[in-house]
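Novice: model this:
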Amino acid sequence: MKRNLLIKLTLAGIGICLLVLVGSFFTDPPKMTEPDPAQLFNPSGNFTLTGTSGEPFQLQDLKGNIVLLFFGYTSCPDACPSTLAKLQRAFNLLSKEQIEQVRTVFISVDPERDNPKLLKEYVEYFGVNAIGLTGTKAEIDNVVKAYHAHYMIIPGQTSNWYSINHTTTVFLHDKQGKVRYRFLYEETPEQLAEAIRKYL
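Specialist: The predicted model follows:
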């Protein structure tokens with residue numbers, strides 16, 4: 001009796017598995033959707049840091065503009081100047097009226113070396129309507145965390161010379177201050193210009 005019951009239960013289990021397997025061929029697989037950047041990256045739409053003139057800066061002060069925000073430092077040997085050069089080329093693809101509605105926000109992750117004067121000269125050199133921001137390490141870390149970004153100091157041969165590995169993504173905010181697009185390092189100026197036009 002026990003053996004017959006075991007055989008019946010085994011056959012029933014195999015039958016259920018076959019039904020599930022066959023059914024899977026006739027149903028659509030669940031669709032994977034991209035998370036909404038506006039809900040993931042700085043969902044508050046605001047933060048407070050310090051501008052190059054020593055004045056407090058809030059992201060919400062730029063509402064009504066497209067904002068291109070990224071993290072870096074003025075001693076960066078490659079990623080930062082390369083990114084700013086790409087932004088410059090993207091700006092060249094926009095009309096004068098479009099450019100007037102776009103602001104670039106460069107947040108230094110090197111407050112020890114990036115004094116306001118140096119930061120101001122650096123961001124203004126590239127001509128992308130840029131604002132340089134700094135703050136205490138704790139203030140900067142809070143903003144980095146809000147964007148799920150990162151940075152890591154790589155020690156050098158002396159205490160005052162070091163490099164920093166950091167997120168190279170440019171976060172595009174719409175005119176309401178919400179992140180709508182992430183410009184990755186390998187993307188082109190043409191792709192960024194297209195995204196800017198979409199949210200103007």
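Novice: hey, let's count contacts and neighbours off CA atoms from now on
Specialist: Will do.
Novice: center of the protein, which residue is that?
Specialist: residue 171 (4.0 Å; CA atoms, centre = their mean).
Novice: List the backbone torsions phi and psi for that residue.
Specialist: Backbone torsions for residue 171, taken as degrees, to the nearest 10, come to phi -100, psi 120.
Novice: Tell me who's in contact with it.
Specialist: The contact partners of residue 171, by CA atoms under 8 Å, 6 or more residues apart in numbering, come to 67, 68, 69, 70, 179, 180, 181, 182, 183.
Novice: how far away is it from residue 142?
Specialist: In this view, residue 171 and residue 142 are 16 Å apart by CA to CA, to the nearest Å.
Novice: ok, back up a step: pull the most distant pair out of the contacts of residue 171.
Specialist: Distances among the contacts of residue 171 were taken as CA to CA; the most separated pair is 70 and 180, at 13.9 Å.
Novice: quick one: the helices in this protein?
Specialist: In the chain, the helices defined using DSSP state H lie at 2-24, 37-40, 79-92, 96-99, 116-125, 137-146, 189-199.
Novice: which of residue 70 and residue 180 has more neighbours?
Specialist: More crowded of residue 70 and residue 180, by other CA atoms under 10 Å: residue 70, with 25 against 17.
Novice: is the more buried one in a bridge, and if so with what?
Specialist: Residue 70 has these beta-bridge partners by DSSP bridges: residue 106.
Novice: How about residue 162?
Specialist: Under DSSP bridges, the beta-bridge partners of residue 162 are residue 155.
Novice: which residues does it contact?
Specialist: Here residue 162 is in contact with 153, 154, 155, 156 (CA under 8 Å, 6+ apart).
Novice: So for the second one, what's the pLDDT?
Specialist: This means residue 154. Predicted confidence (pLDDT) for residue 154: 94.
Novice: Then residue 197?
Specialist: 97.
Novice: List the contacts of it.
Specialist: residue 98.
Novice: re earlier: could you check the pLDDT of the residue nearest to the centre of the chain?
Specialist: 97.
Novice: Show me what it is bridged to.
Specialist: Beta-bridge partners of residue 171, counted by DSSP bridges, are residue 69, residue 182.
Novice: List the residues that contact residue 155.
Specialist: 161, 162, 163.
Novice: Using PDB, write out every CA atom in stretch 179-187.
Specialist: Taking Å, rounded to 0.1, in the frame of the first residue of the first chain, the C-alpha atoms of stretch 179-187 are listed here in PDB:
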ATOM      1  CA  VAL A 179      17.300  63.000 -12.500                       C
ATOM      2  CA  ARG A 180      16.100  61.700 -15.900                       C
ATOM      3  CA  TYR A 181      19.200  60.500 -17.700                       C
ATOM      4  CA  ARG A 182      22.600  59.200 -16.800                       C
ATOM      5  CA  PHE A 183      25.400  60.100 -19.200                       C
ATOM      6  CA  LEU A 184      27.900  57.300 -19.000                       C
ATOM      7  CA  TYR A 185      31.600  57.900 -19.700                       C
ATOM      8  CA  GLU A 186      31.600  55.800 -22.900                       C
ATOM      9  CA  GLU A 187      28.700  57.700 -24.400                       C
END
